[in-house]
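1. Can you look at this prediction? I've put the sequence above it.
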Amino acid sequence: MAATDEEQFAAAETLWASGCVKAAAAAHLDLTRKAQTAELRLRSALILIERLNPAWNAEVILEACSTGLAMATKLGENGTQAYLMGMRSKNLAIFAASLVEERKSLRLAPGWIGFSLDRDESAHKALSEQIDKTEQEIDQLAQNAQRQSPDQTTLGHVVMSVAHISFQRYMGLKSDRLRMSVRLPSFIREWIRTWALDEYSWYASADRQAMRNHLKECEKRYNDAVSAFRSADDELNVGYAYYALANDLRSANRFRKATRYLNQAEAIAIRHNDEQLMNRIPILRERIRKRNRNVPNYVAGEGRPEI
């Protein structure tokens with residue numbers, strides 16, 4: 001006799017708890033596609049969205065967002081619908097940044113003036129069109145999610161997604177507009193990056209200003225999320241918002257600011273005795289202390305786990 005959907009869901013959760021993440025994710029993805037009830041399809045979709053790393057699971061997460069949105073709409077769950085619109089916009093921004101990186105690889109290194117092959121030019125054009133289309137969807141989803149948020153807690157989660165969109169645009173622009181006319185030893189390049197001097201040395205002033213604007217908007221929107229959570233008396237999510245902001249600022253080599261926000265997150269985690277947040281903070285603090293040295297290059301596949 002075939003297992004019921006509920007039994008398959010329980011089995012998937014058992015696999016996840018035992019560390020068989022790849023098999024568990026595959027089981028949950030199957031449930032999002034084939035489960036008989038909208039409730040179960042939505043539950044599995046939310047698990048995939050919240051647990052998988054978008055750096056190497058973008059397609060699965062985006063599919064889960066779409067399925068979850070459809071199921072939340074069917075069930076009339078307005079808050080979940082807004083949350084999922086925000087999460088889809090955030091993960092689309094991560095996907096768009098990967099497309100920017102792919103497009104950059106088609107150009108000749110630095111000072112390029114043309115494409116080596118016609119197919120490279122065609123691929124570059126197709127990627128540019130895909131990026132533009134994706135950015136339009138991101139903006140539309142983010143606007144709708146904020147407008148449709150039924151309460152301050154949901155709005156806080158949505159605005160955290162919007163904040164991360166600005167961070168991804170900062171990173172995408174930083175990758176796309178990099179111009180180094182002189183080859184430098186790797187240890188010098190690393191030293192320049194870790195002190196955030198690269199933005200002064202390797203970018204045109206207009207690009208540098210655009211990057212700073214994205215990063216300022218990122219910080220502002222995270223603080224907007226903090227305000228929304230505080231309006232809902234949801235201090236623990238304030239801590240998670242500060243942690244997420246600290247992590248994005250760390251990735252942007254803004255270590256002093258990152259440390260200030262991380263300290264605030266830590267104080268809240270201790271006050272609420274939140275084990276999950278307390279376990280994350282030392283790892284991030286160590287990366288800040290090392291100024292991102294030896295942090296894996298996830299875009300290149302370094303440090304990639306099983307899933």
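-> Now that the structure is in, tell me what you want to look at.
2. biggest helix in the protein, by residue count?
-> The residue-count maximum for a helix in the chain (DSSP state H) belongs to helix 118-148.
3. Could you tell me which residues within that helix count as buried?
-> Neighbour counts using 16 or more other Cβ atoms under 10 Å place 123-124, 127, 131, 134-135, 138, 141-142, 144-146, 148 of helix 118-148 among the buried residues. In this view, the C-beta of every residue, glycine as well, is placed from N, C-alpha and C.
4. Just give me how far it sits from the chain centre.
-> 16 Å (Cα atoms, centre = their mean, to the nearest Å).
5. hang on, the earlier thing: would you format the buried residues of helix 118-148 as TSV with distance to N57 and pLDDT included?
-> Below are the buried residues of helix 118-148 laid out as TSV (distance: Cβ to Cβ, whole Å; pLDDT from 0 to 100):
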residue	distance to N57	pLDDT
A123	24	86
H124	26	83
L127	21	91
I131	20	95
T134	17	96
E135	21	97
I138	18	98
L141	19	98
A142	21	98
N144	24	97
A145	21	98
Q146	25	97
Q148	26	96
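6. could I get those as JSON lines with distance to A2?
-> As requested, the buried residues of helix 118-148 are exported to JSON lines (distance: Cβ to Cβ, whole Å):
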{"residue": "A123", "distance to A2": "45"}
{"residue": "H124", "distance to A2": "49"}
{"residue": "L127", "distance to A2": "43"}
{"residue": "I131", "distance to A2": "43"}
{"residue": "T134", "distance to A2": "39"}
{"residue": "E135", "distance to A2": "44"}
{"residue": "I138", "distance to A2": "40"}
{"residue": "L141", "distance to A2": "37"}
{"residue": "A142", "distance to A2": "41"}
{"residue": "N144", "distance to A2": "39"}
{"residue": "A145", "distance to A2": "38"}
{"residue": "Q146", "distance to A2": "43"}
{"residue": "Q148", "distance to A2": "38"}
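7. ok, these vs Y83, which is closest?
-> Nearest to Y83 among those: A145, at 7.5 Å, using Cβ to Cβ.
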